[in-house]
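S.K.: quick one, fold the following:
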Amino acid sequence: VAFEFPDGSRPLAGHSGVLCAASEVYAGEFRSGMMEEGVVRVPPGITLASFRGFLEFLYLGRAHQLPLCRSADARELVVLSEMYDLPVLRAWVLEEGISEANLLAAVEFALVPEGDRNDLLEACARCRARLGLEPGQIGCAQLRGASAPAVQVLLGWFAAGPGGAGATRGRVADALRLVGRWLRANEG
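M.R.: As a prediction, the model looks like this:
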């Protein structure tokens with residue numbers, strides 16, 4: 001089958017048997033005739049890089065240490081895991097698919113009102129703690145386009161301090177500098 005992106009391009013090909021074996025949702029779509037002959041439409045908003053990672057997961061049945069999965073946008077993999085009922089892919093994203101580079105974007109996505117993504121928000125908190133990420137380590141590039149609610153979540157984590165130790169003057173000053181960088185990054 002050819003995978004067709006919303007712009008009409010078909011840069012990837014695959015095998016319907018692999019799709020059906022990996023996902024009951026794909027199997028149902030093929031059985032019901034919902035698929036155009038030889039064409040699988042890629043959902044809007046999914047990038048080529050993320051769909052390659054998704055296919056890598058479908059073909060190999062795991063995500064750990066797979067280069068395409070690791071370079072995919074975790075948010076898009078969560079959406080695909082939800083659409084095609086792949087809890088193992090979602091579990092991998094929650095445990096290993098969030099990094100310093102995409103942490104704020106994952107927080108933003110977890111705050112979207114549609115769907116229950118509390119598990120994603122909790123995974124973001126674990127990632128921040130695992131990385132030991134502090135306010136001074138988050139630069140303008142990561143803050144550009146971030147919403148106030150996402151920054152508020154970060155501030156809540158930072159204010160709690162390591163192990164819930166609580167706020168100190170230094171932590172509050174770091175948090176205020178983070179807000180200043182966020183304002184500058186968003187010209188506000």
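
S.K.: now the closest residue to R52 other than its chain neighbours: which helix or strand?
M.R.: Closest residue to R52 in three dimensions, ignoring its sequence neighbours and counting by C-beta to C-beta, 6 or more residues apart in numbering: L68, at 4.7 Å. Heads up, the C-betas are built off the backbone N, CA and C, glycines and all. Secondary structure assigned from DSSP states H and E places L68 in helix 67-71.

S.K.: T47 versus R70, what's the distance?
M.R.: Look at R70 and T47: by C-beta to C-beta, to the nearest Å, they are 14 Å apart.

S.K.: same check on A91?
M.R.: In this view, A91 and T47 are 22 Å apart by C-beta to C-beta.

S.K.: repeat that for P149.
M.R.: The spacing between P149 and T47, counted by C-beta to C-beta, is 24 Å.

S.K.: secondary structure element for the residue nearest to A146 when sequence neighbours are not counted?
M.R.: If you skip the residues right next to it in sequence, A146 has L104 as its closest partner in space, 5.3 Å away by C-beta to C-beta, 6+ apart. Remark: L104 resides in helix 103-110, with elements defined by DSSP H and E.

S.K.: what do you get for F57?
M.R.: helix 48-60.

S.K.: quick one: the strands in this protein?
M.R.: With DSSP state E as the criterion, the chain has strands at 2-4, 12-13, 39-41.

S.K.: which elements pack onto the worst-scoring helix or strand of the chain on mean pLDDT?
M.R.: Across the helices and strands of the chain, mean pLDDT, DSSP states H and E gives its lowest value to helix 67-71, namely a mean of 78. The helices and strands touching helix 67-71, judged by 3 or more C-beta pairs under 8 Å, 6 or more residues apart in numbering; DSSP states H and E, are helix 48-60.
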